[in-house]
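1. next comes the sequence, and after it the predicted model I'd like to discuss.
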Amino acid sequence: MNNRVYIFDTTLRDGEQSPGVSLNVSEKLEIARQLARLGVDIIEAGFPITSQGDFEAVKNIAREVRGVTVAGLARTNFADIDRAWEAVKQADQPRIHTFIATSDIHLKHKLRMSREQVLESAAAAVRHAKKYTADVEFSAEDASRSDLDFLCRVMEAVIEAGATTVNIPDTVGYTTPDEYAEIIRTIMSRTKGIEKAVVSVHCHDDLGLAVANSLAAVLAGARQVEGAINGIGERAGNASIEEFVMALYTRRDRYSLETGINAEEIYRTSKLVSKLTGMDIQPNKAVVGKNAFAHESGIHQDGVLKERTTYEIMNPAMVGLSHSNLVLGKHSGRHAFRSRLVELGFVLNDAELNKAFARFKDLADRKKEIADQDIEAIVENEIRKV
Ligand code: KIV
Ligand code: ZN
């Protein structure tokens, strides 16, 4: 089986659906350019029917950002699909992404449609989209809570109609890695014609399992993973692309799968998305959080100073960060303290070092984090002065 996993970035569509986030056309374009530098395969630039602004943004991205597939989202009605095509048609590789829910709970309460009607609508939408472009993705919204036999029938019908990517979203972040892998395996073994399409997954993070579920899905055979930078998106968000990619790379001993991501662009992309969406990154967020490569305890700092891999499973330089960060606080040890002194240009003899370290510990009991200025003040005012 092919070992390339395609990365479908939906920061600009599902990510923008994060409560309180609204990006204007130029902000979307700036993020899209950075996503192209990051090396994502597909940029879902927006949902063109939803507003004139979104339509313009998708159109601009399709025209300006080359060398990447640009997708526009559409429900299965023809007006949505026509609008999506108008927006993406100038892209190097335009994709129409159409979706309809397949779970009984959505059919009964939201769509008020029968299973047969949904099946017909899905196939008709794909046929219509196919008149515009060869690259058509179909998503079965709420797939993970759908009846599996029905889901397989829908997949078969849309592939027969020409879908080249079939997406199995865990729309409400309900599934677990073992269950999701089983769903993917079942669809791949039971759906006639499945080998003609790329199987895609799209996981939400309501139970904090979006990345774990995506990893389980690629082990089961999925070859497109959808997600957003910093894991932003509806409610608890989407699978975080940087976490998924770094997990795949760091544990390549288990996955043997590749992406086209240029990991050195991860940190810059994360910062840009955070700045333009106004969504802060939690300090302990994996891969891109302020503390992701920070070490506070003396034992950890000593280990990292002796050999980085004692407490770091990824090299910060790989994701575009210049170095790890030894945070000086009350748990820090003499080794880290001396190393920071050297970085600041101070070479102390043993007696001076002992005295400075005692002062530092004393201060650290009162102050959460010791800044470089605090250390300079200790040395210049209390050690060197006397
Ligand atoms: O979560 C979801 O099901 C979606 C689809 C539109 C792909 O975002
Ligand atoms: Zn979603």
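-> Structure's in. What do you need? Ligands and ions are numbered 1, 2, ... in the order given.
2. distance check, the closest residue to residue 126 other than its chain neighbours against ligand 1.
-> Leaving aside its chain neighbours, residue 126 sits nearest to residue 161 (3.9 Å; criterion: CB to CB, 6 or more residues apart in numbering). C-beta: built from backbone N, CA, C; applies to glycine. Computed as CB to the nearest ligand atom, to the nearest Å, the residue 161 to ligand 1 distance reads 18 Å.
3. burial count for residue 161?
-> 18 (other CB atoms under 10 Å).
4. how about it, what does it touch?
-> Residues near residue 161 by CB atoms under 8 Å, 6 or more residues apart in numbering: 122, 123, 124, 126, 127, 130.
5. can you check residue 80 too?
-> By CB under 8 Å, 6+ apart, the neighbours of residue 80 are 48, 49, 74, 98.
6. do the same with residue 17
-> Residues counted as contacts of residue 17 (CB under 8 Å, 6+ apart) are 233, 234.
7. all strands for the stretch 1-150 of the chain, in order.
-> Remark: strands assigned in the stretch 1-150 of the chain by DSSP state E, counting those that start in this stretch are 6-9, 42-46, 69-75, 93-101, 136-141.
8. what lines up beside the first one in the sheet?
-> Neighbouring strands of strand 6-9 in its sheet, by DSSP bridges, are strand 42-46 (parallel), strand 224-227 (parallel).
9. what's the closest of those strands to ligand 1?
-> Minimum separation from ligand 1 across those (CB to the nearest ligand atom) falls at strand 224-227, 7.1 Å.
10. quick check, that closest one touching ligand 1?
-> No. Judged by CB under 6 Å from any ligand atom, strand 224-227 makes no contact with ligand 1; its nearest approach is 7.1 Å.
11. repeat for stretch 79-86
-> No. Figure legend: stretch 79-86 not in contact with ligand 1 (CB under 6 Å from any ligand atom); closest approach 11.5 Å.
12. what is the rounded mean pLDDT of that stretch?
-> Mean per-residue pLDDT for stretch 79-86: 98.
13. buried residues in it?
-> Residues of stretch 79-86 classed as buried under the neighbour-count rule (16 or more other CB atoms under 10 Å) are 80, 81, 82, 83, 84, 85, 86.
14. can you say which of the strands of the stretch 1-150 of the chain is packed in most?
-> Comparing the strands of the stretch 1-150 of the chain by mean neighbour count (mean count of other CB atoms under 10 Å), strand 42-46 comes out on top with a mean of 29.
15. is any part of that strand close to ligand 1?
-> No. Using CB under 6 Å from any ligand atom, strand 42-46 stays clear of ligand 1, coming no nearer than 8.7 Å.
16. which residues sit against that strand?
-> 6-10, 12-14, 16, 28, 32, 35-36, 54-55, 57-58, 61-62, 65, 68-73, 87-88, 95, 97, 224, 226.
17. just want the angle from it to strand 136-141.
-> 70 degrees (axes from the mean of the first three to the mean of the last three CA atoms, to 10 degrees).
18. of all the buried residues of stretch 79-86, which comes closest to residue 299?
-> Each of the buried residues of stretch 79-86 was checked against residue 299 using CB to CB; the closest is residue 84, at 54.9 Å.
19. for the nearest residue to residue 2 once chain neighbours are set aside, what are its contacts?
-> With CB to CB, 6+ apart as the criterion, residue 2 has its nearest non-adjacent residue at 6.3 Å, and that residue is residue 223. Residue 223 is in contact with 2, 4, 5, 6, 198, 199, 200, counting by CB under 8 Å, 6+ apart.
20. what about the nearest residue to residue 92 once chain neighbours are set aside, how many residues nearby?
-> In this structure, residue 92 finds its nearest non-sequential neighbour in residue 66, 5.2 Å apart by CB to CB, 6+ apart. Neighbours of residue 66 under the rule other CB under 10 Å: 11.
21. on the pLDDT front, check residue 66 for me.
-> Looking at residue 66, its pLDDT is 97.
22. pretty sure it contacts residue 37?
-> No. The criterion here is CB atoms under 8 Å, and residue 66 misses it with residue 37 at 11.9 Å.
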